[in-house]
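Asks: Kindly return the folded structure for what I paste below:
(4 chains)
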Number of protein chains: 2
Amino acid sequence: MDSTELPADSLMRVAVDLVILTVVDGVLHVALVTRGIAPFRGRPALPGGFVRADEDLAQAAQRELAEETGIELGSGHLEQLASYGAVGRDPRGRVVSVAHLALIPAERLRGGGDARTADWCPVDAVLADAGRLAFDHARVLADGLERAASKIEYTSVAASLCPPEFTVGQLREVYQAVWRRPVDPRNFHRKVTSAEDFLVPVPGGRSHGAGRPAQLYRVGPATLLRPPMDRQTIN
Amino acid sequence: MDSTELPADSLMRVAVDLVILTVVDGVLHVALVTRGIAPFRGRPALPGGFVRADEDLAQAAQRELAEETGIELGSGHLEQLASYGAVGRDPRGRVVSVAHLALIPAERLRGGGDARTADWCPVDAVLADAGRLAFDHARVLADGLERAASKIEYTSVAASLCPPEFTVGQLREVYQAVWRRPVDPRNFHRKVTSAEDFLVPVPGGRSHGAGRPAQLYRVGPATLLRPPMDRQTIN
DNA sequence: CCAATAGTGTCTTTCAGACACTATATA
DNA sequence: TATATAGTGTCTGAAAGACACTATTGG
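Replies: The predicted structure follows:
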């Protein structure tokens, strides 16, 4: 492995940062850590860390996700978001961060408080004070939220924010939380249940709680929703 | 700039690779270089190079685009695509590549032949022998093509593949080339001309050539096409 | 019973697919 | 005149928005 012919000034540190989203009681939350070391000590930041020499980008993201949330990604969704490499974004030196987006069910959260684990913060509150976020994480978070909102328009990844078996009402709550707008229950029901292979009913599965019990579903083999839902237009 | 506390094994080389697309005579072309040095010497590859210490990712991509095609990106479109960081993707050592997608008008091409410049290759021919591409560039190219095809569904970036003033027919040729399928001229015309602020007619601007002269348009202020076109369903 | 949520049905509007037809240039 | 491309109009079917109505639970 001779790399003498490679330019030395392209040697940089490569990190992964994670936008980890979940929905708790109809409210979108993002996982944040409080930085214990400089720079930005004491400020909220996205979970993340440096990529190791023996792992690829997705592995590094999965490792950080497990370390900060305890999630092993059995259910849940993880995808690459974008890379951020402005020259001065980290005062310690040149760091290129490959941001990832994770969508995980609320039921699998483990309690925060531990310094190593992330805290779940309502996205509205975080955005109201986005200037406190370390590095360029306000931008990364904004990009992650936009990606999540657009991706549930045409895919079934919203189910990654639900438990393995869920009702149409729970799925609708996820859409409303991510889109920050109400969705008509009846039209939503018609849309998602009539889409081919999008949801598969669990035989005999019924929800409990207030109101009429609902059919339980699992996510179906169709990962794409066609035609898509349009969050701008939708009632 | 003290980085002693940073882990040494996250030091990697960071590069940009470019998927540069254009449409010549209704056929989609991609810019490829022939590698003059090992590894993959003599094999076709996407244009690219290492990021310098004093430039960010977008600047590096623009610089490489200018060096390989002579395009200064007055018109044209450049966006980040994705990052590729598998451990063994470059035999010389650990290299993380941040791929970008560029869409440029055919009229601004400059002749190849020069060793420093890229050659324009029909995408069909390249895909038919994608295994010859260096590194993981077959995958990067596939991702770039998919991104281009999906992005013209809901944005006006297809106009970046046309000259500044163009006819509806030219724009339709671009869609057909990127989607690899025919599009009904009449329905397409109705769709793009009735979309608010998508195209703005050039007063008195008329095309010449075979058939009835067509109105010339410039791309309008609306960057989004709503509702989008669906390349799966479209006639 | 009432409140709450699940689920069905229906009317209307919008818009895409298909395609006839007209308009205006070049060969 | 023949041919090619531009552009308009019209019919039909799919699907979304709006919303009435029924179904089935818990309190």
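Asks: Specify the angle between whichever strand or helix holds A:Ala142 and helix B:137-154 in degrees.
Replies: Using DSSP states H and E, A:Ala142 maps to helix A:137-154. On the basis of axes from the mean of the first three to the mean of the last three CA atoms, to 10 degrees, helix A:137-154 is oriented at 70 degrees to helix B:137-154.
Asks: Which SSE is immediately downstream of helix A:137-154?
Replies: helix A:168-179.
Asks: Contacts for the helix or strand following that following helix, please.
Replies: Using DSSP H and E, the next helix or strand after helix A:168-179 towards the C-terminus is helix A:185-194. For helix A:185-194, the surrounding residues in contact (CB atoms under 8 Å, 6 or more residues apart in numbering or on different chains) are A:168-169, A:171-172, A:175, A:198-199, A:225, A:229, A:234-235. C-beta coordinates here come from the backbone N, C-alpha and C atoms, glycine included.
Asks: Check stretch A:28-42 too.
Replies: By CB under 8 Å, 6+ apart, the residues outside stretch A:28-42 that reach it are A:18-23, A:43-47, A:68-69, A:90-92, A:106, A:115, A:117-124, A:126, A:133-135, A:141, A:177-178, A:180, B:5.
Asks: Looking at those residues, which are in strands?
Replies: If you go by DSSP state E, those have A:18-23, A:44-45, A:119-122 in strands.
Asks: Tell me how far A:Pro213 lies from chain B.
Replies: Plainly put, A:Pro213 is 36 Å away from chain B if you go by CB to the nearest CB, to the nearest Å.
Asks: And A:Thr155, by the same measure?
Replies: Taking CB to the nearest CB, one finds A:Thr155 at 12 Å from chain B.
Asks: beta partners for that residue?
Replies: Taking DSSP bridges as the rule, A:Thr155 bridges to A:Leu224.
Asks: And for it, the neighbour number?
Replies: Other residues lying near A:Thr155 total 17 when counted by other CB atoms under 10 Å in any protein chain shown.
Asks: And the pLDDT at it?
Replies: A:Thr155 is assigned 97 on the pLDDT scale.
Asks: Give me the neighbour count for the residue of chain A found nearest DNA strand D.
Replies: Closest to DNA strand D within chain A is A:Asn235: 2.6 Å, counting by CB to the nearest atom of the strand. Neighbour count for A:Asn235, taken as other CB under 10 Å: 9.
Asks: Now for it: which residues touch it?
Replies: By CB under 8 Å, 6+ apart, the contact set of A:Asn235 is A:182-184, A:187.
Asks: could I get the residues you listed as TSV with neighbour count and pLDDT?
Replies: Formatted as TSV, the contacts of A:Asn235 follow (neighbours: other CB atoms under 10 Å in any protein chain shown; pLDDT from 0 to 100):
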residue	neighbour count	pLDDT
A:Pro182	11	96
A:Val183	17	97
A:Asp184	12	97
A:Asn187	12	97
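Asks: Next, give me the two most distant ones among those residues.
Replies: Across the contacts of A:Asn235, no pair lies farther apart than A:Pro182 and A:Asn187, at 11.3 Å, counting by CB to CB.
Asks: shouldn't A:Val183 be in contact with A:Arg172?
Replies: Yes. With contact defined as CB atoms under 8 Å, A:Val183 reaches A:Arg172; the gap is 5.7 Å.
Asks: From the contacts of helix A:185-194, list the buried ones, please.
Replies: In the contacts of helix A:185-194, burial by neighbour count holds for A:168, A:171-172, A:175, A:198-199, A:225, A:229, A:234, counting by 16 or more other CB atoms under 10 Å in any protein chain shown.
Asks: near DNA strand D too, which of the contacts of A:Asn235?
Replies: A:184, A:187 (CB under 7 Å from any atom of the strand).
Asks: so where is chain A shaky, pLDDT-wise?
Replies: A:1-4, A:108-116 (pLDDT under 70).
Asks: and it, which residues reach DNA strand C?
Replies: Counting by CB under 7 Å from any atom of the strand, the residues of chain A close to DNA strand C are A:167-169, A:185-187, A:189-190, A:193, A:207, A:209-215.
Asks: Give me the buried entries from those.
Replies: A:167-168, A:189, A:207, A:214.
Asks: hmm, which two among these are most spread apart?
Replies: Of all pairs drawn from these, the greatest distance, 13.7 Å, lies between A:His189 and A:Ser207 (CB to CB).
Asks: Verify the stated contact: A:Gly93 with A:Ala15.
Replies: No. Using CB under 8 Å, A:Gly93 is not in contact with A:Ala15; the gap is 11.4 Å.
Asks: Just checking: what are the partner strands of the strand or helix carrying A:Gly205?
Replies: Following DSSP H and E, one finds A:Gly205 within strand A:199-206. When pairs are called by DSSP bridges, strand A:199-206 turns out to pair with strand A:215-219 (antiparallel).
Asks: so what's the backbone phi/psi at the nearest residue to A:Tyr175 once chain neighbours are set aside?
Replies: Leaving aside its sequence neighbours, A:Tyr175 sits nearest to A:Val183 (CB to CB, 6 or more residues apart in numbering or on different chains; 5.4 Å). Phi and psi for A:Val183, reported as degrees, to the nearest 10, are phi -130, psi 130.
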